[in-house]
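Asks: Okay, predicted coordinates and the sequence, questions at the end:
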Amino acid sequence: MQFRWLKYILFFLLCSSFSNVTAQYFGQNKPSYKQFDFELYKTPHFEIYHYNTTDTLIKAIALKTEQWYGYHQQILMDTFIVRNPLILYTSHADFQQTNAIHGYIGIGTGGVTEGFKKRIIMPVSYSKQQTSHVLGHEMVHAFQYDLLQKKSAMGISAVQNIPLWMIEGMAEYLSVGNTDSHTVLWMRDALIHQKFPSLIVLTTDLRYSPYRFGQTFWSYISNTYGEQYVSRLFLETANKGVDRAIADVLYISMDSLSVEWKETLSNHLLKNINDSTFSIHGDRILSRKNSGRYNLAPSVSPDGNRLIFLSERDLFSLDLYLADAKSGTVIKKLYTSTKSDRVDDINYMETSGTWSPDGKFFAYMAYVKGVSALIIFNVEKGKIVREIKIQEVDAMSYPAWSPKDNIIAFTGLKQGVSDLYLFNIDNDELQNITNDSFCNLQPSWDKNGDEIYYVTDAPDPLQDRYTNTAYNIAKLHLNSLKKTVFSTFSGAQNVNPVVANDASRVFFLSDRDGTRNLYLFDIRKNNIEQLTFYPTGITGITPLAPALNISKNELFYNMLWEGEFSIIRANINQIQKTAVEVKDRKVDMYASRLMPYSKYPSMVDQNLLATNVVISEEQDSFYTEPVKARFKLDYIGNTSMGVMTSRYGAGMAGSVEARFSDILGDHMLYSGVSINGEIYDFGGQVAYINKKRPLKLGVSISHIPYQTGYLDIEEDLESGEEYLSYYFRRTFIDKLTFFGYYPINKSHRVEAGISAANYSYRTEKVENFNYYYSISNQNRKVVDSPSPFAVGIIDFAYVIDNSKFGLASPIEGKRIRLAYERYLSGLDMNTLLFDFRKYFRLKPYTFALRMYHYGRYGSGSDDHRLYDLYIGYPWYIRGYEAGSFFGEEADGKISANQLWGSKAIVSNLEWRIPFSGPKNYAWIHSQIFFSELAIFYDAGITWDETSSPVFSFTSNSKSERIPIMSSGLALRFNLLGAIIIEPYYAFPIHQGKFHNGNFGVNILAGW
């Protein structure tokens, strides 16, 4: 779960939980382009599922897995009874296609752990340190689920009682420890700006990173109370909630603990005036004032006039923008998912783009059809001119365009090893220029195009041993391929080299004193100057994210300030005026400690110091086995049961559904049963889906009852008296369906199916019916029903959905569904569906348009055995509930007949206004309560074989169908991403005039 970095991450989750689904009416597709043939490698405590991996890689992962298990076991005092699954992917693009997790996996997700089977799912990263960190982080989650299953009365469902910062913070603390310059940077920023949260605020306010602040909390608990309290407090929180758990375990209130935590951290991190006061070098050209809260990865054009950067300035996605490099004025948006269906995702985590030498083109990394691709973008024309996919590597990152040739250097990942490659755009020639076992990242050309500076975890001459937690600056001469690793600050993270104009000096970032600042390395003189002295630091969203760029005599860099990432432009001559030569290159990481050193040695820190020590296992404890698909429970829910009575007799209501799958998620079995009323109202479905290949195939069998009813005034043949009868019909559909769907890309898919269905009926009549009470002569009996019939159905659909979901509905992009059904026998009918939805963003508002048609065609289109289509439902036209119809057309009024037919056209317009939500976006600021206003206008018309549509707003004939309309106001509430409720007030418009308004409620997301 590592690398979900934004403060608004929960906000994105709440919104996107309605937008990413697999094979439903609308929804974007989960990437699925490859078939993975997994192998199984077993260790004493793990089952490792892998594919296309070398023996070297899988054995290294296996050893590291057992090492992390031993470390976490010591702290959490738990032992896995059965082997825990680990599913390993060779790249993030492959990881996004996993079937083990049903939902969509974003770019910012470095790994994920599923609760029921405790599956750890993760990709190999670009560095050994990243891979080890994600593995250690996710394994903590596996331990958490194991502890809950064994020791919590509620099982893993107790996880809902535990705040996210406690869950993720524990995983981060146990995998990183007490020394973390990146987390300390965030803590200083919050303390300096007096925005450090209490535990209550941390629990409820989405602005605060659960990873960073949660890690600091557990560091405080471990150093103050002892590491033995980690698992105790976690389990007590699961059983009692966080406030009671803190009181019972630590004997202190939650409020008092918050105060002491903040005071301890403040006393440690803000010891002197230099820790809290400083001036910024340069001009802040991009910040929240003129862009978003996160302005990242600055890349300046060769002439120094234009700047391309990443930002969430439109709030709901990270997009590429072009800005004036001098003023920061945003010129235009270059990339967004709603404008490019060819690209699945832009890789924004630890990479940036690069300009061509002539400034006409911009290259950046993206995911296209399940692989890393280098995108060449024409900046002036605003379009993609080439997609470069390189089969020789598993993934690509950190592109850097040569200053004099059409050659791009980049980091390529292959079998867990990252090397530097050169790709010639003119002839597609590829060359591995480092070809070693170390991690090689962030290439930067000198101005002559003869040498490349880069970051490596190879030891420098002063390091006595290899450590994957340290990074050094290195140089590679292209003619000789000679590599030189420089001794800058041994043991620190020295990253982001940028070559100065004279080619003899290199700017870089280092945390050598626990803060993240800018340095200038004069290679000829072997001299280093410190240029900035920020107590927070220059950084991107992760320690290895590019945060520094140069053009001519100006530097552009990212800085965390007041919880946001700004882009600052600084004149090199000006910034050098305050430079201080670094004479002592000793690395002192005390300032990056989350807590002061304790007199009691930390077991977590001791274990982390030994992470580079290779552990040994007996040869027979690691072995391979064939992969076997066995179904196990994934989910069981919607369990309910109840008994009811009425004047019609006794009844029952209840339901349960369950989902099963194999360990890889390639095979899924779904079953569900439900009853609502009498025994005749029992329904159920069983479905199987094979998801191993890109073409998903499935079969389902179901028995579904549908209930309808109507009232009729009848006459007693003996007495001649009229009485009210209620006819209650059940339609039973028994159906066998074979179906499939194929995701073409993230936005487009094809669906098809063939079904055999049997329709049967049961009709009951209640004579002398009364709405309010039972009367003595009321009689209920079974009457004649339509004859049962069987029918075969072929269906086909093409779906497009590249929309962005806002607070409670889509706000940008489009949705299109074209569907056709052919009834083969038993019913001569074709159906056609056209559903077009377009969302025009006028920040912060959205104008939404829907055009919808569904029609039955053929001789059986008006068969009395079929339900008529009804457009009075509030998800079509609001305001036409019971009581909206006041008479007959002949009297100049309208009847319910105008809303029924075998063909329907519906059109909707909405003006969507963010009502409550994030600051600077919604009218009312709220971090939890999300809602939107919608001013709407709905219209629709139906017809059948006995009527026809007319283009008129009035009619006095039943055979003429006129449009019915409504207008009003709706307010949609997003209830924590679980459900969206839409109360509305609508004024029906028919027969050429407005009628009294009606209040109603929709329980679904906006269309």
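Replies: Perfect, thanks for sending it. Numbers count the residues shown, from 1 in each chain.

Asks: what helix or strand is the residue nearest the centre of the chain on?
Replies: Centroid check for the chain by CA atoms, centre = their mean gives residue 106 as the closest residue, at 4.7 Å. Element membership of residue 106, judged by DSSP states H and E, is empty: it is in no helix or strand.

Asks: Now do it, the pLDDT please.
Replies: According to the prediction, residue 106 has pLDDT 88.

Asks: For it, give its distance to residue 413.
Replies: 19 Å (CB to CB, to the nearest Å). Just so you know, the C-beta spots here come from the backbone N, C-alpha and C atoms, and that holds for glycine as well.

Asks: Leaving out the residues flanking it, which one is nearest to residue 849?
Replies: Residue nearest to residue 849 in three dimensions, not counting chain neighbours: residue 838, with 4.9 Å by CB to CB, 6 or more residues apart in numbering.

Asks: Can you say which helix or strand has the one you found in it?
Replies: strand 829-842.

Asks: now residue 431
Replies: Assessed by DSSP H and E, residue 431 sits inside strand 430-432.

Asks: other SSEs contacting that strand?
Replies: For strand 430-432, the packing partners by 3 or more CB pairs under 8 Å, 6 or more residues apart in numbering; DSSP states H and E come out as strand 417-424.

Asks: Report the contact partners of residue 77.
Replies: residue 231 (CB atoms under 8 Å, 6 or more residues apart in numbering).

Asks: again, but for the one 3 residues further on
Replies: With CB under 8 Å, 6+ apart as the criterion, the residues that contact residue 80 are 45, 69, 142, 146.

Asks: What's the separation between it and residue 450?
Replies: From residue 80 to residue 450 the distance is 54 Å (CB to CB).

Asks: before we move on, back to that, out of the contacts of residue 80, which end up buried?
Replies: Buried subset of these (neighbour count, 16 or more other CB atoms under 10 Å): 45, 69, 142, 146.

Asks: Which helix or strand contains the residue nearest to residue 442 when sequence neighbours are not counted?
Replies: What sits nearest to residue 442 in space, not counting adjacent residues and going by CB to CB, 6+ apart, is residue 455, at 4.5 Å. If you go by DSSP H and E, residue 455 is part of strand 451-456.

Asks: elements contacting that strand?
Replies: Contacts defined by 3+ CB pairs under 8 Å, 6+ apart place strand 451-456 against strand 440-445, strand 472-477, strand 494-499.

Asks: which parts of stretch 484-496 are buried?
Replies: Residues of stretch 484-496 classed as buried: 485, 486, 488, 489, 490, 491, 492, 493, 494, 495, 496 (neighbour count, 16+ other CB under 10 Å).

Asks: ok so, going back, can you list the helices and strands packed on strand 451-456 in JSON lines and add mean pLDDT and distance to residue 152?
Replies: Converted to JSON lines, the helices and strands packed on strand 451-456 look like this (pLDDT from 0 to 100; distance: least, CB to CB, whole Å):
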{"stretch": "strand 440-445", "mean pLDDT": "97", "distance to residue 152": "42"}
{"stretch": "strand 472-477", "mean pLDDT": "97", "distance to residue 152": "46"}
{"stretch": "strand 494-499", "mean pLDDT": "97", "distance to residue 152": "42"}
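
Asks: need the next SSE after the strand holding residue 838, C-terminal direction.
Replies: Immediately after strand 829-842, counting by DSSP H and E, sits strand 845-857.

Asks: Could I get the average pLDDT for that next one?
Replies: When pLDDT is averaged over strand 845-857, the result is 97.

Asks: Tell me what angle it forms with strand 829-842.
Replies: Orientation of strand 845-857 against strand 829-842 (axes from the mean of the first three to the mean of the last three CA atoms, to 10 degrees) gives an angle of 170 degrees.

Asks: For strand 845-857, give me every contacting residue.
Replies: 806, 809-812, 829-840, 861-862, 866, 869, 876, 902-914, 1006-1007.

Asks: Buried residues, the helix or strand where residue 71 lies. List them.
Replies: Here residue 71, judged by DSSP H and E, is contained in helix 55-76. By neighbour count on 16+ other CB under 10 Å, the buried set for helix 55-76 is 57-58, 60-69, 71-72, 75-76.

Asks: how about the strands of the stretch 801-950 of the chain, start to end?
Replies: 804-805, 810-825, 829-842, 845-857, 869-870, 900-901, 903-917, 924-925, 930-943, 948-949 (DSSP state E, counting those that start in this stretch).

Asks: Kindly apply the preceding question to the stretch 201-350 of the chain instead.
Replies: 283-286, 295-300, 306-311, 319-324, 330-335, 345-346.

Asks: Let me have those in JSON lines, adding mean pLDDT and mean neighbour count as columns.
Replies: As requested, the strands of the stretch 201-350 of the chain are exported to JSON lines (pLDDT from 0 to 100; neighbours: other CB atoms under 10 Å):
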{"stretch": "strand 283-286", "mean pLDDT": "95", "mean neighbour count": "21"}
{"stretch": "strand 295-300", "mean pLDDT": "96", "mean neighbour count": "25"}
{"stretch": "strand 306-311", "mean pLDDT": "96", "mean neighbour count": "26"}
{"stretch": "strand 319-324", "mean pLDDT": "94", "mean neighbour count": "20"}
{"stretch": "strand 330-335", "mean pLDDT": "92", "mean neighbour count": "17"}
{"stretch": "strand 345-346", "mean pLDDT": "88", "mean neighbour count": "22"}
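
Asks: and of those strands, who's closest to residue 948?
Replies: strand 330-335 (46.6 Å; CB to CB).

Asks: any low-confidence regions in the chain?
Replies: Flagging of the chain using pLDDT under 70 yields the residue ranges 1-23, 273, 613-619, 638-654, 769-778, 882-893.

Asks: tell me what the top helix by length along it is packed against?
Replies: Ranked by residue count under DSSP state H, the longest helix found in the chain is helix 128-151. For helix 128-151, the elements it packs on are helix 55-76, strand 112-113, strand 120-123, helix 164-176, helix 229-240, judged by 3+ CB pairs under 8 Å, 6+ apart.

Asks: what residues does the shortest one touch?
Replies: Put plainly, it is strand 112-113. For strand 112-113, contacts defined as CB under 8 Å, 6+ apart pick out 1, 101, 105, 119, 120, 121, 122, 138, 139, 141, 142, 145.

Asks: The last one against residue 158, yeah?
Replies: In other words, residue 145. No - under the criterion of CB atoms under 8 Å, residue 145 makes no contact with residue 158, lying 10.3 Å away.

Asks: Where does residue 372 sit, in terms of helix or strand?
Replies: In the assignment (DSSP H and E), residue 372 maps to strand 371-378.

Asks: elements contacting that strand?
Replies: Using 3+ CB pairs under 8 Å, 6+ apart, strand 371-378 sits against strand 361-368, strand 383-388, strand 395-401.

Asks: buried ones in the helix or strand hosting residue 1000?
Replies: Per DSSP H and E, residue 1000 falls inside strand 998-1002. By 16+ other CB under 10 Å, the buried positions in strand 998-1002 come out as 998, 1000, 1002.

Asks: Pairing partners for that strand, with directions?
Replies: With DSSP bridges as the test, strand 998-1002 is paired with strand 979-990 (antiparallel).

Asks: any idea how far the residue nearest to residue 132 when sequence neighbours are not counted lies from residue 826?
Replies: Sequence neighbours aside, residue 64 is the residue nearest to residue 132 in space, at 5.7 Å (criterion: CB to CB, 6+ apart). Counting by CB to CB, the separation of residue 64 from residue 826 is 61 Å.
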